[in-house]
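Asks: below are the sequence and a predicted model for it; my questions follow.
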Amino acid sequence: MDNINMIIHQPVRLNILTILHMDKTITFSKLKEELDLSDWNLWTHLEKLEKNWYIKIEKSFVDKKPRSTISIEKKWEDELISYINSIENMIKWIKK
């Protein structure tokens, strides 16, 4: 059985990456709204993903208000395939 990537496998981070996989970029406020998380909870997961190069966070100002934009990094595409393959192999193993 393959090892599961625990950075991706954690439910909130998997949701974040899934949304980013579909949208490619999203603002912090929109992501927070989509996932219904507190600022602290979302930032904790985003920092973990950024630290491991899955996402990129860009901070800017729009109308003098701070805006954080999150985008997915190329590494995620490869990790997504690997993660899905691991889950599929696990399911096959369980069904034996």
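Replies: Great, that's in hand. Residues are numbered from 1 along each chain as shown.

Asks: for this protein, longest helix please?
Replies: helix 74-95 (DSSP state H).

Asks: ok, residues contacting it?
Replies: 1-5, 8-9, 17, 20-21, 53-55 (C-beta atoms under 8 Å, 6 or more residues apart in numbering). C-betas here are computed from N, CA, C, even on glycine.

Asks: mean confidence for the helix or strand harbouring His21?
Replies: Assigned by DSSP states H and E, His21 falls within helix 11-23. Computed over helix 11-23, the mean pLDDT rounds to 90.

Asks: what helices or strands is that helix leaning on?
Replies: The elements that helix 11-23 packs onto, with contact taken as 3 or more C-beta pairs under 8 Å, 6 or more residues apart in numbering; DSSP states H and E, are helix 6-9, helix 28-35, helix 39-51, strand 55-62, strand 65-72, helix 74-95.

Asks: kindly reformat the ones you listed as a markdown table containing mean neighbour count.
Replies: Formatted as a markdown table, those follow (neighbours: other C-beta atoms under 10 Å):
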| stretch | mean neighbour count |
| --- | --- |
| helix 6-9 | 15 |
| helix 28-35 | 15 |
| helix 39-51 | 15 |
| strand 55-62 | 12 |
| strand 65-72 | 15 |
| helix 74-95 | 12 |
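
Asks: confidence-wise, which of the ones you listed is weakest overall?
Replies: Minimum mean pLDDT among those: helix 74-95, a mean of 83.

Asks: quick one: that helix to chain centroid distance?
Replies: 15 Å (C-alpha atoms, centre = their mean, to the nearest Å).

Asks: then stretch 61-80?
Replies: With C-alpha atoms, centre = their mean, you get 10 Å for stretch 61-80.

Asks: same check on stretch 34-54?
Replies: That offset, for stretch 34-54, works out to 8 Å (C-alpha atoms, centre = their mean).

Asks: alright, that wraps it up for me.
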